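> the sequence and its predicted three-dimensional model are supplied below.
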Amino acid sequence: MKNIDSYTHVRGESIYLDDIPLQQGTLFGAAFGSPHAHGKILHLDLSAAEKMEGVVRIFTHKDIPGRNQIGGIVPDEPLLAEDEVHFVGMPVAFVVATSADIAYAATKKIKIDIDPLHIITDPREAREKNELIVPPRTFRLGDVDSAWAQSEYIFEGIAETNGQEHLYIETQGAYTIPLENNFIKIYSSTQGPTAVQRHMAVVLGIPMHQLEVDVTRLGGGFGGKEDQATLWAILCALATFHLKKPVKYSLHRMEDMMMTGKRNPYSSDFKIGLSKDLKILAYEATFHQNAGATADLSPAVLERTLFHCTNSYFVPNVKATAYSCRTNLPSNTAFRGFGGPQGMFVIESAIAKAADHLGIPASEIQQKNLLRNGDEFPYGQKAESEANECWQEAVEMYEVEKLKAEIEKFNSENKLSKKGLAFMPICFGISFTKILMNQARALVHVYTDGSVGVSTGAVEMGQGVNTKMLQVAATIFSIDPSKVKVHTTNTFRISNTSPSAASSTADLNGKAVQIACNTIVERLKPVAAEILKVSDSVIELRDGFVWSDGTKTDLTWEQLVLSAYIKRINLSEHAHYATPGIGFDASVEKGHPFAYHVYGTAITTVTLDCLRGIYEFDAVKVVHDFGTTMNPIVDRGQMEGGIVQGIGWMTMEEIIYDKEGRLRSNALSTYKVPDIYSVPKEIDIHFLETKNDNLAIFRSKAVGEPPLMYGIGAFFALRNAIKAFNPSADPAFSAPMTPEKVLMSLYSKTATPSPKPQLIKEHE
Ligand code: MOS
């Protein structure tokens, strides 16, 4: 089934925030952000701005009726700065005017005096100064200290990944409308309608039931609107609260890039120990997460880095420690993979380093250490692994031996053009790591004409979740999908939603829809049985008709529904789902946090122009564990998008802050994201259908985040191509591997300078 939004998308009829017709009297907002990264506010002068024609009012923290606090995990984030500023762009005031242009112009007339304080942008400096968001955490398995002694080879090094701009096509924004009795309706481009509602209630000092957050769809989220959509919505609501007028704020692209956080950059140390036969015996990693100025979601992102620090491998002795480091940058946040990719990059770097020094392809080490059924993760859960199946299937169906031979031949025949290949196995845990978030609700109405309306807590952001919700209802009722509509995500219809995140949205909300529909079916069966004068147990709904004892009857879905209504049977259901069997004890860092894992292997090949340092990805060939996909078109779209986004993070997207904490890569002219020319010439996706039971909706495994991590293979394929040209090159494990870095490496005499000295030890 095609994505249900495809028709309105191509016709330009899909409704986003900016497509909502404006009410008469709507005012427009613009935030005034701090021009300095760190300092004390000495004086704020609004007078010139306030005098401007069309400026209605300028709000500061003094106008907040409730608490000036929007921190999600740690209460460390004011809505508007009070005495200090902590990053460039930190909102200090909110101008409301009769037009967006006037509001922006007014922000330029605001004057602020700031007494500067020391600016930290480097997470390692933050750690040295003990500027930590939360205490460090350590995951342990076995005993690394004694395992080093048994290791034949030990390698140490540093691996770094930069941030990543979400670059959702629709920027952040909100539109708030006053209703009677001080209710406010909020249209917000958010992945977390309840987060908006909850924090807004705190800031405005009113109960949540006065705040109706409504989301039709987002033009992309990627994690950037999981927590960070809240701020803009509350600014608008604050103005609506005081002025009793509709207020809209939809950010300019450069404003969005400057004021919002990105994927957390990491700087990490690794140490890996291998046996003579290439088994990884020990792995130690220390992660320094650049959290930015406040906690935001960083502590949760940090946790997922630890959960995925050994990627798809079994390592018997692990010690992984993670520091969330406070810097004077916008708070970094969720981004597809949520810390997992950052953790995986480090162990892939460790393996590559070992392979370099042992003179073997990394794939030999990777393959030997893939997770097997029953292997224990450092956090205590046992693997139900498809890692080997995916890898073996990829090797066979993509004829890897032949591919390798072709690459060798190409490399021996071409002097200035080299090819590289890398494997990237993945293992990604599905569930929110915060256990309580693994719940969802759905409201299903069957109308008297047989049409069906479905509401859930899922937010459609292009990932096709509404299509899957519709499929669940249409499948359970066994009616034509055209009879089902999925309605907006609305906090008055579905309360206390978890954000659409963690790849879990279709599972959690889909299961709730399934429960609701099944309940209604169970109410309809006796009605059908009575009409047909048979017993309930032989009744079945199939293809729009009632079937009795395996035989189609003349009783249609519509007739049945209407009969039930006449008999005063409830045709609506509100259902609740909570993932069973999961739990985690953070006091010992052990448990069973994930409903299941998603596995896969990608083989990435690249051709490198060794004169220019530019490159083209020939192919990404994947075998991916889908369980049993319920929508191959939607899932393929997620795969392709995730892979290209991952390649972007690994190769071209370079976020640059200067020492003053100012974003220099602040526009699309200075920040390169993948375009159509960056897409690999070939993306092959083989759907590994695994028959094992799992907790996914219709056994169709989550697909939102996992494919991004295949992009990590791009870094290592490029690295291998560089080494094919210049065997003495030792490109630092520092992503993104931009064409400049590639070029420097191609012609480096020795190791390219890495950010910190790399120690190499071969154990005697
Ligand atoms: Mo997603 S990175 O879990 O919002």
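All right, it came through fine.

> write out the residues of the stretch 51-200 of the chain neighbouring the ligand.
Within the stretch 51-200 of the chain, the residues that sit near the ligand (CB under 6 Å from any ligand atom) are Q191. Using the backbone N, CA and C atoms, a C-beta is placed for each residue, glycine as well.

> quick check, central residue of this structure?
R336 (2.4 Å; CA atoms, centre = their mean).

> so that one sits in a strand?
No. Counting by DSSP: H, G, I helix; E, B strand; the rest coil, R336 is located in no strand; its state is coil.

> thinking it is in contact with V644, fair?
No. R336 lies out of contact with V644 (CB atoms under 8 Å); the separation is 11.6 Å.

> burial of M652, as a residue count?
18 (other CB atoms under 10 Å).

> enumerate every residue touching it.
By CB atoms under 8 Å, 6 or more residues apart in numbering, the contact set of M652 is 672-674, 678, 736, 738-739.

> give me phi/psi at the closest residue to the ligand within the stretch 401-550 of the chain?
Nearest residue of the stretch 401-550 of the chain to the ligand (CB to the nearest ligand atom) works out as A501 at 3.2 Å. Phi and psi for A501, reported as degrees, to the nearest 10, are phi -170, psi 180.

> quick one: contacts for the residue nearest to it when sequence neighbours are not counted?
What sits nearest to A501 in space, not counting adjacent residues and going by CB to CB, 6 or more residues apart in numbering, is E226, at 4.9 Å. By CB under 8 Å, 6+ apart, the residues touching E226 are 191-192, 195, 297, 333-334, 499-501.

> also P75?
Q69.

> now do N162
N162 neighbours (CB under 8 Å, 6+ apart): 265, 649, 653-655, 735-736.

> quick one, longest helix in this structure?
Ranked by residue count and defined by DSSP state H, the top helix of the chain is helix 505-532.

> which helices and strands sit right next to it?
strand 439-446, strand 452-456, helix 465-477, strand 539-542, strand 545-548, strand 551-556, helix 557-566, strand 572-578 (3 or more CB pairs under 8 Å, 6 or more residues apart in numbering; DSSP states H and E).

> reformat the ones you listed as a markdown table; add mean neighbour count and distance to A529.
Listed next are the helices and strands packed on helix 505-532 as a markdown table, based on neighbours: other CB atoms under 10 Å; distance: least, CB to CB, whole Å:
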| stretch | mean neighbour count | distance to A529 |
| --- | --- | --- |
| strand 439-446 | 24 | 18 |
| strand 452-456 | 24 | 22 |
| helix 465-477 | 24 | 17 |
| strand 539-542 | 18 | 5 |
| strand 545-548 | 20 | 8 |
| strand 551-556 | 13 | 11 |
| helix 557-566 | 18 | 11 |
| strand 572-578 | 17 | 20 |
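
> using TSV, lay out the ones you listed together with distance to the ligand.
Formatted as TSV, the helices and strands packed on helix 505-532 follow (distance: least, CB to the nearest ligand atom, whole Å):
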stretch	distance to the ligand
strand 439-446	14
strand 452-456	17
helix 465-477	12
strand 539-542	35
strand 545-548	41
strand 551-556	42
helix 557-566	37
strand 572-578	18
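
> state the pLDDT value of H763.
According to the prediction, H763 has pLDDT 44.
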